[in-house]
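Sequence and computational prediction follow.
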Protein chains: 8
Amino acid sequence: MDQARLKSLLEQVRDGAVNIDDAIGQMRHMPFEDLGFAKVDHHRAIRHGMPEVIFGKGKSPDHVLGIAVRVLENCPNLLATRAEPAAAELVKAKFPEAEYFPLSGVLRVWRDRAIRGKGAIAVVCAGTSDIPVAEEAHLTAEIMGNQVDVITDIGVAGIHRLMANRERPTQARVAVVCAGMEGALPSVVGGLVGCPVIAVPTSVGYGASFNGLAALLGMLNSCASNVTVVNIDNGFGGGYVASLINRL
Amino acid sequence: MDQARLKSLLEQVRDGAVNIDDAIGQMRHMPFEDLGFAKVDHHRAIRHGMPEVIFGKGKSPDHVLGIAVRVLENCPNLLATRAEPAAAELVKAKFPEAEYFPLSGVLRVWRDRAIRGKGAIAVVCAGTSDIPVAEEAHLTAEIMGNQVDVITDIGVAGIHRLMANRERPTQARVAVVCAGMEGALPSVVGGLVGCPVIAVPTSVGYGASFNGLAALLGMLNSCASNVTVVNIDNGFGGGYVASLINRL
Amino acid sequence: MDQARLKSLLEQVRDGAVNIDDAIGQMRHMPFEDLGFAKVDHHRAIRHGMPEVIFGKGKSPDHVLGIAVRVLENCPNLLATRAEPAAAELVKAKFPEAEYFPLSGVLRVWRDRAIRGKGAIAVVCAGTSDIPVAEEAHLTAEIMGNQVDVITDIGVAGIHRLMANRERPTQARVAVVCAGMEGALPSVVGGLVGCPVIAVPTSVGYGASFNGLAALLGMLNSCASNVTVVNIDNGFGGGYVASLINRL
Amino acid sequence: MDQARLKSLLEQVRDGAVNIDDAIGQMRHMPFEDLGFAKVDHHRAIRHGMPEVIFGKGKSPDHVLGIAVRVLENCPNLLATRAEPAAAELVKAKFPEAEYFPLSGVLRVWRDRAIRGKGAIAVVCAGTSDIPVAEEAHLTAEIMGNQVDVITDIGVAGIHRLMANRERPTQARVAVVCAGMEGALPSVVGGLVGCPVIAVPTSVGYGASFNGLAALLGMLNSCASNVTVVNIDNGFGGGYVASLINRL
Amino acid sequence: MDQARLKSLLEQVRDGAVNIDDAIGQMRHMPFEDLGFAKVDHHRAIRHGMPEVIFGKGKSPDHVLGIAVRVLENCPNLLATRAEPAAAELVKAKFPEAEYFPLSGVLRVWRDRAIRGKGAIAVVCAGTSDIPVAEEAHLTAEIMGNQVDVITDIGVAGIHRLMANRERPTQARVAVVCAGMEGALPSVVGGLVGCPVIAVPTSVGYGASFNGLAALLGMLNSCASNVTVVNIDNGFGGGYVASLINRL
Amino acid sequence: MDQARLKSLLEQVRDGAVNIDDAIGQMRHMPFEDLGFAKVDHHRAIRHGMPEVIFGKGKSPDHVLGIAVRVLENCPNLLATRAEPAAAELVKAKFPEAEYFPLSGVLRVWRDRAIRGKGAIAVVCAGTSDIPVAEEAHLTAEIMGNQVDVITDIGVAGIHRLMANRERPTQARVAVVCAGMEGALPSVVGGLVGCPVIAVPTSVGYGASFNGLAALLGMLNSCASNVTVVNIDNGFGGGYVASLINRL
Amino acid sequence: MDQARLKSLLEQVRDGAVNIDDAIGQMRHMPFEDLGFAKVDHHRAIRHGMPEVIFGKGKSPDHVLGIAVRVLENCPNLLATRAEPAAAELVKAKFPEAEYFPLSGVLRVWRDRAIRGKGAIAVVCAGTSDIPVAEEAHLTAEIMGNQVDVITDIGVAGIHRLMANRERPTQARVAVVCAGMEGALPSVVGGLVGCPVIAVPTSVGYGASFNGLAALLGMLNSCASNVTVVNIDNGFGGGYVASLINRL
Amino acid sequence: MDQARLKSLLEQVRDGAVNIDDAIGQMRHMPFEDLGFAKVDHHRAIRHGMPEVIFGKGKSPDHVLGIAVRVLENCPNLLATRAEPAAAELVKAKFPEAEYFPLSGVLRVWRDRAIRGKGAIAVVCAGTSDIPVAEEAHLTAEIMGNQVDVITDIGVAGIHRLMANRERPTQARVAVVCAGMEGALPSVVGGLVGCPVIAVPTSVGYGASFNGLAALLGMLNSCASNVTVVNIDNGFGGGYVASLINRL
């Protein structure tokens, strides 16, 4: 019926019975969505140089390849996270420039290497076991057009190493800090730098780490006010938000 | 700018440069929400005889009264849940027909008593301590236009009482079952009746009841397939959904 | 001894010493269950066109086939959930019309396709990973005699897609909404439609999703009053309760 | 050295150098346990017809066999719980009268079949999936010298079946009730019988059953006062305590 | 309709058309509960010398007095747990023989002091803070007709005191062991005695005791096989089940 | 003493007794921090227009006043969060320009109102009960030199209101979104806007909200990639990080 | 009776009726503890200069005074933790040298001030809110005869302050580190010092600190190997164990 | 470049261009750490006879071998925990004196067997299933230069065995106590000995042990004041801290 009402309104416009400003005023109160209007601009992400992202876990190699082909028709770059080796093989067979990073499971095609971020993003991690998560953050930030400074193996129990390297996170516009176990590193880094810190708890640990819960709670209770938190092992989320911030 | 584009389109319609069907076709792809269109029908609930509901907890008596006055201008009935006695006093001073039920904290003005439900709603509860939650469900269902059959003190450890009364829930079109402690009653009732059962866990209990968590988990794991669950102590939710179902 | 007391009463009836109304009055106080009376009507479900349901997980293929044979002797339809592929093979070998849906593990024989529901059931899910649970709900509702409208990949972070499709759940008499991760979709759908919404949390997610706990808690705390919740991944329960409601 | 000191004291007693009350006074301050005194009566269990119990999980077949040989030298009966099939094969090769129950993993040699319990023990379980735990309880109670009445598939959602069978648990001196999911059966049985009820939560269920936590919490909050609880899936514990009670 | 069918059957019995055994056979298949038959014997508890129990928490003094009056009309003894002092005052004003125990909140009238238990019940507690719970267990067991041996302040960190008193629990037929904090006492006592042990976790502790959760989990995981568990602070439950066992 | 050692070394350099490379070598092993070197720039925050922040909860009015006096000697602005009314009274008596916001407990002196942020910060909240947390975020962002656009009462169950207002968060450079109960709003807002979203879970809710845990878990599992999370009820943290981002 | 049996055996030894080796053999099977043997040295603690400790929480002032009087008869020093002000008043009225520390609730009489520890104990805390717990540790260590170096307000987010003070914990033989919120300080201190670190989580924080759980989990997962943990807010335990270690 | 700046400053000192106090003043503002100053003494551990420790879990055999080679160049001893058998094979092929302990996964090269601890360390465990964790503690303490007394299978439910062996932990300077299930052993041992006790919860158990959580909570709530706790299954941590204490 609203379809009818719209048609009638347009006829009145055509016939001069209603002037254009009044027509707009009347349309303002119509339930337009019900008419199938308001199509979304799905291409926003792509225009901003952010490739579409494939979450590879649990997808078959064929499925990953299929999406990759479709993405690369519209977008120069491709990012897949947590891809299985078999899926990576298949994609690399078709797109020889594809790179696969087995530690993190990141698979990417990185053709458009334009820098879009205004400064550097620091990606810091506590121990070698946290590297897979840090790598996911690193590669995400990189493909989104950022210079990334990766600083690894800077645990809080060896605070001297952090102090010796403290200039590096200080020079970044935003930092992503990955840590498992007690998850204390973001607080310490947050106190050293003035920029926003995205904390990524990792599931590294055992026993009372409860698969990353200890690190997650620690980060949410950080005494450094510039720390915000994403999900456990969500390196992609850390790199993504850092990239958004670095473009501002 | 889309404002401009819409105006231009309407001008073309007016001038005959675009016919109406084509105009509708073009509009289908415009981001109408951005223009402030698509106002919501906030009055849906009221038209259906469901009063606006005030969640009284933590609201000052003046605040409750203020909302009540506004609601009763548009709607014959008023329902406030978890209202403090002081708020109830204030509302009753202005609306003498208001009723207050101190066990549950329900405050209502029930002028429109039309029956809208097609059958009866059974509200069942396990022990006397569950009565406040059951009362909230009962009064919610009643003011929404339902016949309500309240069956109290039917615990699973005294299964004979339930068996002796089992005809009553069986005759309802939908049942709301409130229970604390182990929360087993919805499973037993669910097995006796064929109709949908809304289970309301209550925070009755101590120790390992963890304020209703035990009952909540029990109900979510019910072996009776016709059981769905709402939040702990959410008698209102139970009565509300039962009312929706009873109108179908 | 009660056996003796009953026999004696019947003898008095036979001999005219007690009239029939008095006999019924006396029987009202006898512990009949102890005599083995009161056999349950196990066929209620079948008469209502609901097939007996086999929970396939952990059952051997032979076991599943055995139950299937027995069910199909009494009932035209068969529904097995979470069946292993091997069990499905065995059943299909004997009942060629059996269908197997590997995503959800549903196995069914659907001979009686009579429509028993009064309207449509909408089955909505948030992401492609939620499809297995939605499929279980869909196929359950279908075999219980309902028209089902399946709407997939309608996540809350892409609210335009939901808005563009919002007419479809609105036209249903009851909706089943499946979502993992933050489990927000039932709240949004619940606000759009006026009908009852059965929310099914799924275990989709990682880290702080805690295997569906995050989605479950979100749904239990829904700010939409027409939402009730079933167990994590319980697509069957969602479809079953929706079917009961749709028959009312 | 204390051995020497004791010997010396006794020599002084023998020689009259120390009188007996002084000797007792001195002994009061000696570290007797270190001399190997006060040895525990490890044979108590055996004398009471309770075999030594092997917890088979995680033990190699050779290890299980080795313990079994040693136990059977001192005791006519053997009970191993959660034994792997390979361990069972090995024990049966050496002790042909050994029986293995693959559902529960119980392995037993049952030579001494004397009845030591004063009445029957009822072992009740809710669904077929709970049978492995019930079987562990059943076989434990049996080898400890009890008549056991096993009642299976008596779920609370089909309360008629329980009511029809309610004489059987009533005739027992003690009942073991195993249930997963919502764990409601012990409350219902507890209300029907007057005897002590040992509730055994099982890990049967999925999602919000949290591997038996829901059933455990439900049973701890039972509204039936005669219910006590053991660990999740601890059928052995249920059967063991029931046996102790049945001997009183 | 079943009413009609029963009437018709009885008429056939009266008229000799059906003989009595056949009538009983037919009745065995009739849904008797639907006729309102099968009234429960509510007086079982009272006949066994167990008074009706009032859970005093949250009940007004008037309410407690009202129930007490009614109970004492039918039963010589009265037990109220967790009664407020004001309620106790009111009951003592009317029943001068009533006793109130402020530590535990137990209020009782103990006229019938017949011994019904066959042996002694040991009530053991770990620290002085656990005494309120132990007292509830003690007084419950006493009013149910048992000799009770109360052993207090026997913590596991002072194991010598337990060893010095170990004969006392050994002489009981059943033991109730109350402990907060780490809840280890039931395991130690369970290893010393051969009888059933009812473990009562208490909420004594702070921090990571999580209001008794630590003690509860400890007891459920007891390495002593003769331990079963009731809810946190449920001294009444411990005393009640111990009494049931002691009558066997 | 190390101060002395350094002085002595420099004297030797001056006198030619030690050459420069050797001096550097010796300094490499000296504990420089202990000499007061490398002192932190504690005034960084103040220079950036961020006042020192007082966490008022649990501090006595005198204590709050004392800190306030000291802060205002060095800094034009003062921000205290969760201040008690009595502390606010005391501070306002001394600093008449101080403002107190009783809903959130924010107390501030806002003399330096320079704008330091490059764009607007949107502060969005779901329901009226979330306003105290949103107000804390709002006032924090404001005193740190930002234009703040506050959008309240935009719940996901009334998605039309959000859609109707969606331009406003879209125009911000960063958004702070506060929500209790199911905590779904940040996901929906995150999908509408392209900027970073700081999600603040609130403790609004009851039962299974577990004091904000449900909202917290929901936000950590957000399907919108631009969402990061701070602690429950941490409106200050949300406003602080948003301010940092808005200066970039 | 065993007393009699022992006496009789010794008489037989005296009389030569039993030789000494046989007597030893027979004694090996006697229940010696029951004779009152092997009495514990309850005075060990006192001899070591550790006063008996009163846990004041929940004890009435009279009760605290009564214990204090008894303790001070046998021991020069008195330590009560978590004492209420009223109890402190009462004790100070009788023992004027008693000191009360209202922040921590410690009440002590410190007459014997001998130093028993071999070095210093460092008590470090993160924020001013942690001072009550640190004070309890400090005063416990002091009264047990230790030099204590208290270092407060050394949070990980201001790592420079810690670095500037790092010599002080390094000079201690053992450190007690108290921290709430994310509980990261023990890891950082543990990395700086070589000595054992006792970590005391505090309940300081809100929201996802869950009353100290976040800090507790963080400390249990510390990446510094020299960290062990005590209960939340257990400053006494920290000071006590540190004192034991410092005497070694 | 700062290196250059420092050199230049020292040249000015040498040349008299800058006086010493001014030089110190300038140095106060230089970023000394960046020059490589204040380097940590990474060799502290090695000098103290503590080998560098490899956490073997999840490392490839090649990776473990690589680290082992590097460690053994600088240190006579090597300790790897949780090493896979394949890694052990590889290391043993190159270093024939390497020992591998498959129960615990400890791999060690133990060339320097000097005793550095002042007394014995007792390593106590409750059941045979706890031996892997106890072995890790034992071997860690041993390679760090301690005499270790291992006491196994001393569960609290068989308290006599503990009492019979109680002299052994009493003679140690520090005890490590490993226990799963209810985790009660540290409390009992703590009460028997006067020395510090390091409690190690193990993940031994099932059901409500929740992978060691029950034992962990029990130990944190120990009523013995000399108990501190490390992470679940962290035998290494227990042995490490005990070694630190034993050197004091």
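Cool, got the structure.

and the residue of chain A found nearest chain C, what does it touch?
Proximity of chain A to chain C (Cβ to the nearest Cβ) peaks at residue A:232, 3.0 Å away. From N, CA and C alone the C-beta is placed, and that goes for glycine too. Neighbouring residues of residue A:232 by Cβ atoms under 8 Å, 6 or more residues apart in numbering or on different chains: A:201, A:202, A:203, A:211, A:212, A:213, A:215, A:216, C:206, C:207, C:208, F:220.

mind listing what the fifth one touches?
Spelled out, it's residue A:212. Shown in contact with residue A:212 (Cβ under 8 Å, 6+ apart): A:180, A:201, A:202, A:203, A:204, A:205, A:232, A:233, C:207, C:208.

The first one: neighbour count?
Same thing as residue A:180. By other Cβ atoms under 10 Å in any protein chain shown, 29 other residues sit near residue A:180.

Any chance of the backbone angles for it?
Main-chain torsions, residue A:180, degrees, to the nearest 10: phi -110, psi -150.

returning to that earlier point: output the contacts of residue A:232 as JSON lines; include the columns pLDDT.
Putting the contacts of residue A:232 into JSON lines (pLDDT from 0 to 100) gives the following:
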{"residue": "A:201", "pLDDT": "97"}
{"residue": "A:202", "pLDDT": "96"}
{"residue": "A:203", "pLDDT": "95"}
{"residue": "A:211", "pLDDT": "94"}
{"residue": "A:212", "pLDDT": "95"}
{"residue": "A:213", "pLDDT": "96"}
{"residue": "A:215", "pLDDT": "96"}
{"residue": "A:216", "pLDDT": "97"}
{"residue": "C:206", "pLDDT": "93"}
{"residue": "C:207", "pLDDT": "94"}
{"residue": "C:208", "pLDDT": "94"}
{"residue": "F:220", "pLDDT": "97"}
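
ok, back up a step: any idea which of the contacts of residue A:212 has the most stuff around it?
The most neighbours of any of those, using other Cβ under 10 Å, belong to residue A:201, which has 35 neighbours.

Tell me how far the nearest residue to that one once chain neighbours are set aside lies from chain D.
Closest residue to residue A:201 apart from its sequence neighbours, by Cβ to Cβ, 6 or more residues apart in numbering or on different chains: residue A:215 at 3.7 Å. The gap separating residue A:215 from chain D is 22 Å, by Cβ to the nearest Cβ, to the nearest Å.

Which helix or strand contains residue A:215?
helix A:213-220 (DSSP states H and E).

Sort out for me which of the contacts of residue A:212 are in strands.
Those of the contacts of residue A:212 mapping onto strands are residue A:201, per DSSP state E.

Make TSV from the contacts of residue A:212 and add distance to residue G:141 to it.
Shown next, in TSV, are the contacts of residue A:212 (distance: Cβ to Cβ, whole Å):
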residue	distance to residue G:141
A:180	33
A:201	34
A:202	36
A:203	37
A:204	35
A:205	31
A:232	38
A:233	41
C:207	41
C:208	39
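
helices and strands around the helix holding residue A:215, which ones?
Applying 3 or more Cβ pairs under 8 Å, 6 or more residues apart in numbering or on different chains; DSSP states H and E, we find helix A:213-220 packed against helix A:185-192, strand A:197-201, strand A:227-229, helix G:213-220.

Could you look over those and pick the most buried one?
Sort the helices and strands packed on helix A:213-220 by mean neighbour count, taking mean count of other Cβ atoms under 10 Å in any protein chain shown, and strand A:197-201 sits at the top with a mean of 33.

If I take it and helix A:185-192, what angle do their directions form?
Here the directions of strand A:197-201 and helix A:185-192 differ by 170 degrees (axes from the mean of the first three to the mean of the last three Cα atoms, to 10 degrees).

do stretch A:240-247 and chain F meet?
Yes. Using Cβ under 8 Å from any Cβ of the partner chain, stretch A:240-247 comes into contact with chain F via A:240, A:241, A:244, A:245, A:246.

which one is the residue of chain A found nearest chain E nearest to, not counting chain neighbours?
Proximity of chain A to chain E (Cβ to the nearest Cβ) peaks at residue A:208, 10.8 Å away. With sequence-adjacent residues excluded and distances taken as Cβ to Cβ, 6+ apart, residue A:208 is closest to residue G:220, at 4.2 Å.

which residues sit in contact with that neighbour?
With contacts defined as Cβ under 8 Å, 6+ apart, residue G:220 is in contact with A:207, A:208, A:214, G:229, H:216, H:229, H:230, H:231, H:232.

hmm, try it at 6 Å
Residue G:220 makes contacts with A:208, G:229, H:231, as judged by Cβ atoms under 6 Å, 6 or more residues apart in numbering or on different chains.

just checking, residue A:65 is part of a helix?
Yes. Assessed with DSSP: H, G, I helix; E, B strand; the rest coil, residue A:65 lies in a helix.

how far away is it from residue A:88?
10 Å (Cβ to Cβ, to the nearest Å).

Which one's more surrounded, the two?
Comparing residue A:65 with residue A:88 by neighbour count (other Cβ under 10 Å), the higher total belongs to residue A:88, at 22 against 18.

element containing that one, please.
With DSSP H and E as criterion, residue A:88 is part of helix A:85-94.

Restricting to C-alpha, output that helix in PDB.
C-alpha atoms of helix A:85-94 as PDB (Å, rounded to 0.1, in the frame of the first residue of the first chain):
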ATOM      1  CA  PRO A  85      48.000 -24.900   4.800                       C
ATOM      2  CA  ALA A  86      45.900 -26.800   2.200                       C
ATOM      3  CA  ALA A  87      43.900 -23.700   1.500                       C
ATOM      4  CA  ALA A  88      47.100 -21.700   1.200                       C
ATOM      5  CA  GLU A  89      48.500 -24.100  -1.300                       C
ATOM      6  CA  LEU A  90      45.400 -23.900  -3.500                       C
ATOM      7  CA  VAL A  91      45.400 -20.100  -3.500                       C
ATOM      8  CA  LYS A  92      49.100 -19.900  -4.100                       C
ATOM      9  CA  ALA A  93      48.700 -22.200  -7.100                       C
ATOM     10  CA  LYS A  94      46.300 -19.800  -8.700                       C
END
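
Cheers, nothing more for now.
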